[in-house]
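K.L.:
this one's sequence-less:
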Ligand code: ATP
Ligand code: MG
């Protein structure tokens, strides 16, 4: 007998064992799912990446259940191009790994298989059940946050642990139908983000769902259903328990998805902005930072639209600029040199920010450079300006200067000069530099030894 033929039997045994040890919660009472047959929905296999199709088909041929789930189904039903394809199956991670040599198992909280096809990674998750209090394989902390949930289950279990109804639709490769337990298709039609289950409980289980609600609502142009929107205000503090590394991942998804401006505003409206960026309160969200930040967000969105690269360092530079400048001025007032003041102020604000959101060092280093270069762009002399122009971060620092200039008309002439400096040929550049000599570069004799900082 060939191995695949034994698999259904093995699964049967596993289920019986689960039942005996009480490790798995019995499937909750739920209405039968609505099935949209192949000709009742718009998803066609041609829209699914060939890598995802390969995984679905091989799992199916191996005797397993295999469904596309999550954003892939949601976006295809909306006529949008999915960012990636997630697959749910009743094969165990080890079984997935055996079927795909190009796979590896990852994750502690969720054990998943990643199947790699060139640059494309298909995430394959085994159906999981909701946790049971006190059970050994799934645990929550005192506040109800899920610490681990590796209790395997069936599709009937799996659906209830998903976050939003529109994220809980399954496209079944066995008959190409869409399976909907939770009214997700209807919510897609209405444009509503609705949490599955009791919103308070679901936010307590995983507070990142609040950020996800905002991210998807903005990206899809949906409303967050009142039942899911109202409890955000009182549960916002739960984000403080989330690891700073996970918050950085979410920050990137919120701000580098092409809707940074709207995401920022929605976070602010729901009171979550200061949970991610506590220093933005110190800086005063309605002051200068506000407009500088807004322009940085707009700049990020425009760059993404134009297919240009973006770095979180730029946004972080804008978000923390006011706080850094305030701290810097205070130190200068206490008699410290501008150079040292900026270095210390930067350390202070960056370390406070990274305690909340773990922005990797390579980005915070770039943020520092963008800041330090500001005064070097301002104080022009032939030698110094040539060096600044050749600096690896010149372009980012110049873009930042342009953002600042929108608030500060005194910087207009400076911006024009640097814009022209980049546009002209080398001869003309030399002329521009020698012109500076006559003007003494705009830097007072008294401050000459102060270093390069503002
Ligand atoms: P996109 O990939 O477009 O950002 P997505 O909905 O696919 O959106 P993923 O983070 O890829 O989001 O997650 C895939 C699916 O896993 C979700 O659609 C949802 O069903 C489930 N999921 C992800 N994160 C959570 C969570 N924190 N709580 C509950 N379910 C989740
Ligand atoms: Mg996804």
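P.N.:
Yep, that arrived. Quantities reported herein were computed from a predicted structural model and do not represent experimental measurements. Numbers count the residues shown, from 1 in each chain. Ligands and ions are numbered 1, 2, ... in the order given.
K.L.:
hmm, stretch 207-218 touching ligand 1?
P.N.:
Yes. Residues of stretch 207-218 are located near ligand 1 by CB under 6 Å from any ligand atom, namely 208, 209. Any C-beta I mention is one placed from the backbone N, CA and C, and that applies to glycine too.
K.L.:
near ligand 2 at all, that stretch?
P.N.:
No. Where contact is defined by CB under 5 Å from the ion, no part of stretch 207-218 touches ligand 2; the two come within 10.7 Å at best.
K.L.:
how about residues contacting that stretch?
P.N.:
145, 163-164, 166-167, 193, 195, 202-203, 222-224, 228-229, 232, 235-236, 238-239, 241-242, 246-247, 250, 253-254, 257, 259, 262-263, 266-267, 270, 272 (CB atoms under 8 Å, 6 or more residues apart in numbering).
K.L.:
need the residues of the stretch 51-200 of the chain near ligand 2, please.
P.N.:
Residues of the stretch 51-200 of the chain found near ligand 2 (CB under 5 Å from the ion) are 70, 71, 84, 86.
K.L.:
just those residues that are near ligand 1?
P.N.:
70, 71, 84, 86.
K.L.:
residues in contact with the first one?
P.N.:
Contact partners of residue 70, counting by CB under 8 Å, 6+ apart, are 86, 162, 167.
K.L.:
tell me which residue of the chain lies closest to ligand 1.
P.N.:
Here the chain gets closest to ligand 1 at one residue, residue 71, 2.4 Å apart by CB to the nearest ligand atom.
K.L.:
who are the contact partners of that residue?
P.N.:
82, 83, 84, 86, 167.
K.L.:
helices - which of the ones next to ligand 1 among the residues of the stretch 51-200 of the chain next to ligand 2 land there?
P.N.:
Among these, the ones falling in helices (DSSP state H) are residue 71.
K.L.:
now do the longest helix along the chain: distance to the chain's middle.
P.N.:
Identified as the longest helix of the chain according to DSSP H is helix 312-333. How far helix 312-333 lies from its chain's middle: 23 Å, per CA atoms, centre = their mean, to the nearest Å.
K.L.:
what about the strands in this protein?
P.N.:
Taking DSSP state E as the test, the strands found in the chain are 34-36, 66-69, 86-89, 103-106, 112-117, 120-126, 138-140, 146-149, 169-172, 177-180, 192-193, 223-224.
K.L.:
Serialize these to CSV and add fields for mean neighbour count, distance to residue 210 and mean pLDDT.
P.N.:
As requested, the strands of the chain are arranged in CSV below (neighbours: other CB atoms under 10 Å; distance: least, CB to CB, whole Å; pLDDT from 0 to 100):
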stretch, mean neighbour count, distance to residue 210, mean pLDDT
strand 34-36, 16, 28, 97
strand 66-69, 26, 22, 98
strand 86-89, 24, 21, 97
strand 103-106, 15, 25, 95
strand 112-117, 19, 23, 96
strand 120-126, 21, 22, 96
strand 138-140, 18, 17, 59
strand 146-149, 16, 15, 59
strand 169-172, 25, 22, 98
strand 177-180, 22, 24, 98
strand 192-193, 22, 11, 98
strand 223-224, 18, 10, 98
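K.L.:
want to throw the ones you listed into JSON lines with distance to residue 373?
P.N.:
Shown next, in JSON lines, are the strands of the chain (distance: least, CB to CB, whole Å):
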{"stretch": "strand 34-36", "distance to residue 373": "56"}
{"stretch": "strand 66-69", "distance to residue 373": "46"}
{"stretch": "strand 86-89", "distance to residue 373": "42"}
{"stretch": "strand 103-106", "distance to residue 373": "39"}
{"stretch": "strand 112-117", "distance to residue 373": "39"}
{"stretch": "strand 120-126", "distance to residue 373": "37"}
{"stretch": "strand 138-140", "distance to residue 373": "47"}
{"stretch": "strand 146-149", "distance to residue 373": "44"}
{"stretch": "strand 169-172", "distance to residue 373": "49"}
{"stretch": "strand 177-180", "distance to residue 373": "53"}
{"stretch": "strand 192-193", "distance to residue 373": "41"}
{"stretch": "strand 223-224", "distance to residue 373": "40"}
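K.L.:
looking at those strands, which is nearest to residue 418?
P.N.:
strand 120-126 (41.0 Å; CB to CB).
K.L.:
hang on, the earlier thing: of the contacts of residue 71, buried ones?
P.N.:
For the contacts of residue 71, a burial check counting by 16 or more other CB atoms under 10 Å picks out 82, 86, 167.
K.L.:
which of those lies closest to ligand 2?
P.N.:
Ranked by distance to ligand 2 (CB to the ion), the buried ones among the contacts of residue 71 are led by residue 86 at 4.8 Å.
K.L.:
that closest one contacts residue 69, doesn't it?
P.N.:
Yes. Contact criterion CB atoms under 8 Å: residue 86 and residue 69 qualify, at 5.6 Å.
K.L.:
what parts of this structure come near ligand 1?
P.N.:
Checking the chain against ligand 1 by CB under 6 Å from any ligand atom, the hits are 70, 71, 83, 84, 86, 162, 163, 167, 168, 206, 208, 209.
K.L.:
tell me the contacts of the fifth one?
P.N.:
The one in question is residue 86. For residue 86, the contact set (CB under 8 Å, 6+ apart) comprises 68, 69, 70, 71, 72, 122, 123, 125.
K.L.:
let me know the closest of those residues to residue 394.
P.N.:
Ranked by distance to residue 394 (CB to CB), the contacts of residue 86 are led by residue 71 at 38.0 Å.
K.L.:
tell me the pLDDT of the closest one.
P.N.:
pLDDT recorded at residue 71 is 96.
K.L.:
circling back to that earlier point, next step: the contacts of stretch 207-218 restricted to helices.
P.N.:
202-203, 228-229, 232, 235, 246-247, 250, 253-254, 262-263, 266-267.
K.L.:
taking these together, which two end up most distant?
P.N.:
202 and 262 (23.6 Å).
K.L.:
looking at these two, which has the bigger crowd around it?
P.N.:
Neighbours were counted for residue 202 and for residue 262 using other CB atoms under 10 Å; residue 202 has more, 22 against 18.
K.L.:
what's opposite the residue lying closest to the more buried one once chain neighbours are set aside in the beta bridge?
P.N.:
The shortest distance from residue 202 to any residue other than its chain neighbours is 5.1 Å, reached at residue 195 (CB to CB, 6 or more residues apart in numbering). When bridges are called by DSSP bridges, residue 195 pairs up with residue 164.
K.L.:
compute the number of surrounding residues for residue 195.
P.N.:
Neighbours around residue 195, by other CB under 10 Å: 25.
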